[in-house]
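**Student:** structural data only, the sequence is not supplied:
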């Protein structure tokens, strides 16, 4: 028969009362420095709430980022107003309202004639040239103008530049195989990009800055000879090429308190469907985070956490608001802290493996219910 453990004495010093997501700003600055050393200028990508790290734009600029990057027009406008920094935005519909972005001097990526006409119309309405980065598709087949549309796009861009409706600023693309530095597609994509730059210049769109490289490409030298690189994942400790010798540091730690413990006998089932049944007498600890907080439900049966200096398995199904951990004979009591990510606990790569996913998805999935704490850097 199971028995609940009575509430423990006041938690030890440094323990938590709510789940905490801690951001190491010094690690973020270190990672940015890695990319600054490898390039001529870094666009720090802060989309998706800076990959779940919160408002760290000012810290990135103080640490040497040349510009900020995001996918949302509204976010770009807010960043530009708040920081005054050069801000690039991409991924819009032609029907979006570009007026505010043009008026604020936001750099806007343009992948089609429809987008170009909409941006030029906004420039005419606000009486200011739109700062444009033409976006060419280098083989991703998602955003960016395909080769067959490039001649028309650059031709109209040159005409609009001559009329003062757009300001030619940049030309950008994205490498489809940047995580594989020796893949022949990278050389092909670079050739296509250089041809696109020359073609645009012949038609009157002369880019001042060029950029194709994201994190993996920059770590392996592809595109680092150009004026800018766009770095998102790498700022937050993710190396998509999975290099064993990556110079990047983890930036996030997740900790949460144990809210309840119970001692159970062998044969006791846990959670919905009893997907796990105790094979011995043991102690179970309930932690108040679940899939609504970004703990991958599919990681059940594989995931681990750190408690009292040792790994303990997450057992049973991951619920919306809670997980159960088999802490064995560790003597864990309510109020003690469990580390889900970072430090000596599980790594982001481990969570991605447990979930059958990538680190990007895991790190951006932690929800709003965590208490976010920024340490180091600008907080000092």
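**Tutor:** Noted; the coordinates are in hand. The model shown is predicted, which means the values in this text are computed figures rather than measured ones.

**Student:** count of residues packed around residue 329?
**Tutor:** Neighbours of residue 329 under the rule other C-beta atoms under 10 Å: 9. In short, each C-beta sits where N, CA and C put it, glycine included.

**Student:** surely it and residue 283 touch.
**Tutor:** Yes. Between residue 329 and residue 283 there is a contact at 7.2 Å, judged by C-beta atoms under 8 Å.

**Student:** for residue 89, which non-adjacent residue is spatially closest?
**Tutor:** residue 76 (3.6 Å; C-beta to C-beta, 6 or more residues apart in numbering).

**Student:** mind listing what's buried in the helix or strand hosting the one you found?
**Tutor:** Assigned by DSSP states H and E, residue 76 belongs to helix 73-83. If you call a residue buried by 16 or more other C-beta atoms under 10 Å, then helix 73-83 has these buried ones: 73, 75-80.

**Student:** do stretch 289-301 as well
**Tutor:** For stretch 289-301, by 16+ other C-beta under 10 Å, it's 289-291, 293-296, 299-300.

**Student:** all helices for this protein, in order.
**Tutor:** Remark: helices assigned in the chain by DSSP state H are 25-37, 47-52, 57-62, 73-83, 99-104, 113-126, 147-162, 184-202, 215-219, 348-355, 359-365.

**Student:** pick the most buried one from these.
**Tutor:** By mean neighbour count, with neighbours taken as mean count of other C-beta atoms under 10 Å, helix 215-219 ranks first of the helices of the chain at a mean of 25.

**Student:** describe which strands the longest strand along the chain pairs with in its sheet and in which direction.
**Tutor:** The single longest strand within the chain, with elements called by DSSP state E, is strand 252-264. Strand 252-264 has the following sheet partners, assigned by DSSP bridges: strand 3-4 (antiparallel), strand 20-24 (antiparallel), strand 282-287 (antiparallel), strand 337-341 (antiparallel).

**Student:** quick one, it and helix 348-355 angle?
**Tutor:** 50 degrees (axes from the mean of the first three to the mean of the last three C-alpha atoms, to 10 degrees).

**Student:** now do strand 252-264, average pLDDT.
**Tutor:** Strand 252-264 shows a mean pLDDT of 98.

**Student:** now it, how far from the centre of its chain.
**Tutor:** 26 Å (C-alpha atoms, centre = their mean, to the nearest Å).

**Student:** can you mark which positions in that strand are buried?
**Tutor:** In strand 252-264, counting by 16+ other C-beta under 10 Å, buried: 252-258, 260-261, 264.

**Student:** re the thing from before, okay, the buried residues of stretch 289-301 in JSON lines with distance to residue 34 next?
**Tutor:** Listed next are the buried residues of stretch 289-301 as JSON lines, based on distance: C-beta to C-beta, whole Å:
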{"residue": "289", "distance to residue 34": "31"}
{"residue": "290", "distance to residue 34": "35"}
{"residue": "291", "distance to residue 34": "33"}
{"residue": "293", "distance to residue 34": "30"}
{"residue": "294", "distance to residue 34": "26"}
{"residue": "295", "distance to residue 34": "30"}
{"residue": "296", "distance to residue 34": "28"}
{"residue": "299", "distance to residue 34": "29"}
{"residue": "300", "distance to residue 34": "35"}
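
**Student:** what is the nearest of those residues to residue 53?
**Tutor:** Of all these, residue 294 has the smallest distance to residue 53: 13.2 Å, by C-beta to C-beta.

**Student:** ok, now how distant is that closest one from residue 370?
**Tutor:** 8 Å (C-beta to C-beta, to the nearest Å).

**Student:** please pull out the lowest mean pLDDT helix or strand from this structure.
**Tutor:** Within the chain, no helix or strand scores below strand 3-4, which has a mean of 44 by mean pLDDT, DSSP states H and E.

**Student:** which residues touch the spatially most central residue of the chain?
**Tutor:** Taking C-alpha atoms, centre = their mean, the centroid of the chain lies closest to residue 51, which sits 3.0 Å from it. The contact partners of residue 51, taken as C-beta atoms under 8 Å, 6 or more residues apart in numbering, are 232-233, 235-236, 360, 363-364.

**Student:** same question for residue 109.
**Tutor:** Counting by C-beta under 8 Å, 6+ apart, residue 109 has contacts 88-92, 132-135, 143, 172.

**Student:** now the buried members of those residues.
**Tutor:** Using 16+ other C-beta under 10 Å, the buried ones in the contacts of residue 109 are 88-90, 92, 132-135, 143, 172.
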